[in-house]
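Got a sequence here, can you build the structure:
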Amino acid sequence: MASLLVLGGWISLPQTAEASGERDEAYRSLSTQRKHQIERLKEYREKGIFPLNHEEPDKPVYVFVGPDGELCAVANLIIQSGGQELVQRIAKENNHLRIADVTEGPVFDWILRSGLTKEECVLIQEPYIGDDDSERRRIQRHLSQVEETLLEKTEESLQVAVDRFLTTEELYRTLSAQRKLQIERVREYRERGVFPLNHENPGEPVFVFMGPDGELCAVANLVFESGGQELVRRIARENNHLRISDVTDGPVLQWILSSGLTKEECAFIQKPYIGDDDDEVRRIQSHLIEVEEKLIDEGETSLRIAVARALAIQS
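Just a heads-up that it's a prediction; the model follows:
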């Protein structure tokens, strides 16, 4: 059963997938995808057109797309699955991408739906050492061994792939519901217009988690409304100028992981206070309108990132 770390500990996610037959459907879909990937890998090996290593021969280098458009084995699988734009973006932004380093984002999402496990994708992506025919033959031998491994371990790997896919989808549904709640809470908080403000050093940006009369900053309000009242009070006592961007562990990070928001979004929500008058109230309200728009506009992308990060903490 999948679970999620929240303020009070681990909670179980509802097993709707098992009850609805979603597992059988996921198995059939991923099994079909896996067959396609193995066929594509065989065709790719037989063509023998690889990026190779023209930059630093004799030193292992990962190359996603070569200078003449040659694709590495994983890039080829993504392209054949309809991910042309994704491959082009990786080639432009991070052409030495290592699949082993992927923990979130569109490549992570592709792996989940590929019928392969991440470990198998790491195995497929061989670094290039040379730039001649002997290197080409080495890559072909490697891919031939990979094909055998994928075929031999199909059932075992499919069960792992299905488990990960269903856990991710359950977590997606859970965090999607949480994200909708957070956006609604931001809106209600903005409309109330009761903020801590900066009574200590007007004119100087200051983060204030809780004001002298119990007024909550935007993030403190979200944590409070999510059941984290004691956490908010403890932060107010121990570190009332807490910056979300500085949080790397502990209960606040646990809350972020269960909120449906990303850490970057929470840091954006938390605006420092400059003044202590009505102009400052209006400034914060204007900022929160921008926050709401951003959370809605970037919903799907951010939600997938939030899911991947929550999964990483569990593993």
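
got a list of contacts for stretch 136-151?
Contacting residues not belonging to stretch 136-151 are listed as 34, 37-38, 41-42, 44-45, 48, 50, 52, 73, 116, 120, 123-124, 126, 128-130, 157 [C-beta atoms under 8 Å, 6 or more residues apart in numbering]. The C-beta positions use only the backbone N, C-alpha and C, and glycine is treated the same way.

Can I get the buried part of those as one ChimeraX selection?
Buried residues within the contacts of stretch 136-151, by 16 or more other C-beta atoms under 10 Å, are selected in ChimeraX with:
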select :34,37,38,41,44,45,50,52,73,116,120,123,124,126,128,129,130,157
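
Next step: the contacts of stretch 136-151 restricted to helices.
The members of the contacts of stretch 136-151 that map onto helices under DSSP state H are 34, 37-38, 41-42, 44-45, 73, 120, 123-124, 157.

Could you export these as a markdown table, including distance to Gln270 and pLDDT?
Below are these laid out as a markdown table (distance: C-beta to C-beta, whole Å; pLDDT from 0 to 100):
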| residue | distance to Gln270 | pLDDT |
| --- | --- | --- |
| Arg34 | 44 | 98 |
| Gln37 | 43 | 98 |
| Ile38 | 48 | 98 |
| Leu41 | 46 | 98 |
| Lys42 | 52 | 97 |
| Tyr44 | 47 | 97 |
| Arg45 | 51 | 97 |
| Ala73 | 43 | 97 |
| Glu120 | 40 | 98 |
| Leu123 | 42 | 97 |
| Ile124 | 41 | 98 |
| Ser157 | 42 | 97 |
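
Redo those as TSV? Include distance to Val208.
Below are the ones in helices among the contacts of stretch 136-151 laid out as TSV (distance: C-beta to C-beta, whole Å):
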residue	distance to Val208
Arg34	53
Gln37	52
Ile38	57
Leu41	56
Lys42	61
Tyr44	57
Arg45	60
Ala73	52
Glu120	49
Leu123	51
Ile124	51
Ser157	51
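
now the helices for the protein?
Under DSSP H, the chain gives helices at 16-20, 22-47, 73-80, 84-93, 106-114, 118-124, 133-152, 154-192, 218-225, 229-238, 251-259, 263-269, 278-297, 299-314.

could those go into TSV alongside distance to Met210?
What follows is the helices of the chain, written out as TSV (distance: least, C-beta to C-beta, whole Å):
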stretch	distance to Met210
helix 16-20	38
helix 22-47	43
helix 73-80	47
helix 84-93	40
helix 106-114	37
helix 118-124	42
helix 133-152	55
helix 154-192	14
helix 218-225	6
helix 229-238	4
helix 251-259	14
helix 263-269	15
helix 278-297	15
helix 299-314	25
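
so which of those comes closest to Ala100?
In terms of C-beta to C-beta, the element of the helices of the chain nearest to Ala100 is helix 118-124, at 4.8 Å.

so what does that closest one touch, helix or strand wise?
helix 73-80, helix 106-114, helix 133-152 (3 or more C-beta pairs under 8 Å, 6 or more residues apart in numbering; DSSP states H and E).

list the buried ones in the last one?
Using 16+ other C-beta under 10 Å as the burial criterion, the residues of helix 133-152 that qualify are 135-136, 138-140, 143, 146-147, 150.

before we move on, what about stretch 302-315?
Under 16+ other C-beta under 10 Å, the buried positions of stretch 302-315 are 302-311.

who touches it?
The set of residues external to stretch 302-315 that reach it, using C-beta under 8 Å, 6+ apart, is 2-5, 103-105, 108-109, 167-168, 171-172, 175-176, 179, 257-263, 265, 295.

at 6 Å what do you get?
The contact list for stretch 302-315 (C-beta atoms under 6 Å, 6 or more residues apart in numbering) reads 5, 103-104, 108-109, 168, 171-172, 175-176, 179, 257, 260, 262.

could you dump the buried residues of stretch 302-315 to JSON lines with distance to Val208 and pLDDT?
JSON lines is the format used below for the buried residues of stretch 302-315 (distance: C-beta to C-beta, whole Å; pLDDT from 0 to 100):
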{"residue": "Ser302", "distance to Val208": "26", "pLDDT": "95"}
{"residue": "Leu303", "distance to Val208": "29", "pLDDT": "95"}
{"residue": "Arg304", "distance to Val208": "32", "pLDDT": "92"}
{"residue": "Ile305", "distance to Val208": "28", "pLDDT": "94"}
{"residue": "Ala306", "distance to Val208": "26", "pLDDT": "94"}
{"residue": "Val307", "distance to Val208": "31", "pLDDT": "93"}
{"residue": "Ala308", "distance to Val208": "32", "pLDDT": "91"}
{"residue": "Arg309", "distance to Val208": "27", "pLDDT": "92"}
{"residue": "Ala310", "distance to Val208": "28", "pLDDT": "91"}
{"residue": "Leu311", "distance to Val208": "33", "pLDDT": "87"}
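
which sections of the stretch 101-250 of the chain are below the confidence cut-off?
Scanning the stretch 101-250 of the chain with the threshold set as pLDDT under 70 gives no residue ranges.
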